[in-house]
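# Structure for this input, please:
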Amino acid sequence: MGVALPQDLNHPEQWSMREPKPNNERGAIAVIVGLSLTVLLGFAGLVIDLGTLYVARSELQSSLDSCALAAAAELDKTSTAITRAQSAGITAANLHKVRFQKTSPAITGTDITFGTTPTNATTDPAEAKYVRCEKQISGISTFFIPVLGGLSSYSVGTFATATLGSAQTSCVQPIGLVSTSDTAPYGLAANDASSSWYQIKSKQADEFTPGEMGWFNPSGSTNAAELAEILKNGDCTNAQGQQVYTPGNKNSVVDEWNARFGFYKGSDTPASKGWFDRTGYIYTYDSDYDGTFNPYSDFLIKREENR
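Presented below is the predicted three-dimensional model:
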């Protein structure tokens, strides 16, 4: 109860008694907290379900990455290349686990395809340069998304693509010396050039004589444009015993050849014509190393220093 005091305290007859007004905000905070918790729990559940799908995709991606890398390593252009590549890809992929490391991804041969490019499919082992491993897994259960009107299970899928890449120390450049012997070291030794410098010649394959140096395309093509591409990127897919061919006039690849030594013409760049030799050294006919005109030993030293 409250007491209302009169304006004039000297006249108590003006005094009166009245009820206080009710507090209409009582319990409002509890309602707000309840609604907020509902929203927060909903978001927490959504994060859990989306996290489950993300983990499932990541596990599958790891499996397919291993599949593509293992399969690409077998693409050597021989008749059994695709068969071996599929077998290697399946084995590597199924060593992984999915669904929180509980089950195999069950990769099969139908999940592995090959191509001459990443988008141009082929079944010819002599042409296959790229491999693509692709898989989808379904039936991944969710618990909170259905409450918000979503599905109770989802599918995730992904893919991986790989090819053989160039490495300066191991991939072939389309230049060769004609051997002078049929047995190793084929009449050629590391220090044979101690007093001689060879000139690159443009001839047909059967016109070269022992000891001559010329263009030799390891892919078996006579296309000069392909020769230029190999000069830019190297060739890592040649097989032992594969026949090589000469591609014609060497003048058409002069820019790519000069780029190997760091010389770029006009607007040419390493991206358009290929990267130069990473040793960082250029040897010319009048270079003098330790009193000789043979830079081979010096090249080995510089290569190790600048790897």
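# now Leu151: how far from Ser138?
Distance of Leu151 to Ser138, given as Cβ to Cβ, to the nearest Å: 11 Å. Just so you know, the C-beta spots here come from the backbone N, C-alpha and C atoms, and that holds for glycine as well.
# For this structure, just list every one of the strands.
2-4, 16-18, 112-115, 130-141, 153-163, 175-177, 200-201, 213-215 (DSSP state E).
# Tabulate those in JSON lines, adding columns for mean pLDDT and mean neighbour count.
Compiled in JSON lines, these are given as follows (pLDDT from 0 to 100; neighbours: other Cβ atoms under 10 Å):
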{"stretch": "strand 2-4", "mean pLDDT": "51", "mean neighbour count": "8"}
{"stretch": "strand 16-18", "mean pLDDT": "56", "mean neighbour count": "9"}
{"stretch": "strand 112-115", "mean pLDDT": "96", "mean neighbour count": "21"}
{"stretch": "strand 130-141", "mean pLDDT": "94", "mean neighbour count": "18"}
{"stretch": "strand 153-163", "mean pLDDT": "94", "mean neighbour count": "17"}
{"stretch": "strand 175-177", "mean pLDDT": "75", "mean neighbour count": "18"}
{"stretch": "strand 200-201", "mean pLDDT": "62", "mean neighbour count": "14"}
{"stretch": "strand 213-215", "mean pLDDT": "76", "mean neighbour count": "21"}
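# would you turn the ones you listed into a markdown table with distance to Asn223?
Shown next, in a markdown table, are these (distance: least, Cβ to Cβ, whole Å):
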| stretch | distance to Asn223 |
| --- | --- |
| strand 2-4 | 104 |
| strand 16-18 | 106 |
| strand 112-115 | 20 |
| strand 130-141 | 20 |
| strand 153-163 | 20 |
| strand 175-177 | 16 |
| strand 200-201 | 18 |
| strand 213-215 | 12 |
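# Can you say which of those is nearest to Ile82?
Ranking the strands of the chain by proximity to Ile82 (Cβ to Cβ) places strand 112-115 first, at 5.9 Å.
# Pull out the C-alpha coordinates of that closest one and format them as PDB.
Below are the C-alpha coordinates for strand 112-115, written out as PDB (Å, rounded to 0.1, in the frame of the first residue of the first chain):
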ATOM      1  CA  ILE A 112      39.200 -42.700 -62.800                       C
ATOM      2  CA  THR A 113      39.400 -41.100 -66.300                       C
ATOM      3  CA  PHE A 114      42.300 -39.900 -68.500                       C
ATOM      4  CA  GLY A 115      42.800 -37.200 -71.000                       C
END
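# Which secondary structure elements does it sit against?
Contact partners of strand 112-115 among helices and strands, from 3 or more Cβ pairs under 8 Å, 6 or more residues apart in numbering; DSSP states H and E: helix 81-93, strand 130-141.
# and the ones you listed as a markdown table, adding distance to Thr123?
What follows is the helices and strands packed on strand 112-115, written out as a markdown table (distance: least, Cβ to Cβ, whole Å):
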| stretch | distance to Thr123 |
| --- | --- |
| helix 81-93 | 7 |
| strand 130-141 | 12 |
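# Tell me where the stretch 1-150 of the chain has helices.
With helices called from DSSP state H, counting those that start in this stretch, the stretch 1-150 of the chain shows them at 28-72, 81-93.
# Between those helices, which has the poorest mean confidence score?
Ranked by mean pLDDT, the helices of the stretch 1-150 of the chain bottom out at helix 28-72, which scores a mean of 86.
# Could you list the low-pLDDT ranges of the stretch 201-307 of the chain?
Within the stretch 201-307 of the chain, the ranges that satisfy pLDDT under 70 run 201-206, 208, 210-211, 219-220, 233-250, 261-262, 276-299, 302-303, 306-307.
# Hmm, Val253 and Leu231 touching each other?
Yes. At 6.0 Å, Leu231 counts as touching Val253 under the criterion of Cβ atoms under 8 Å.
# picking that back up, out of the strands of the chain, which comes closest to Gly274?
Per Cβ to Cβ, nearest to Gly274 of the strands of the chain: strand 175-177, 13.8 Å.
# other SSEs contacting the closest one?
Against strand 175-177 (3+ Cβ pairs under 8 Å, 6+ apart) you get strand 213-215.
# Strand partners (parallel or antiparallel) of the strand it packs on?
Using DSSP bridges, the strands paired with strand 213-215 in its sheet are strand 175-177 (antiparallel), strand 200-201 (parallel).
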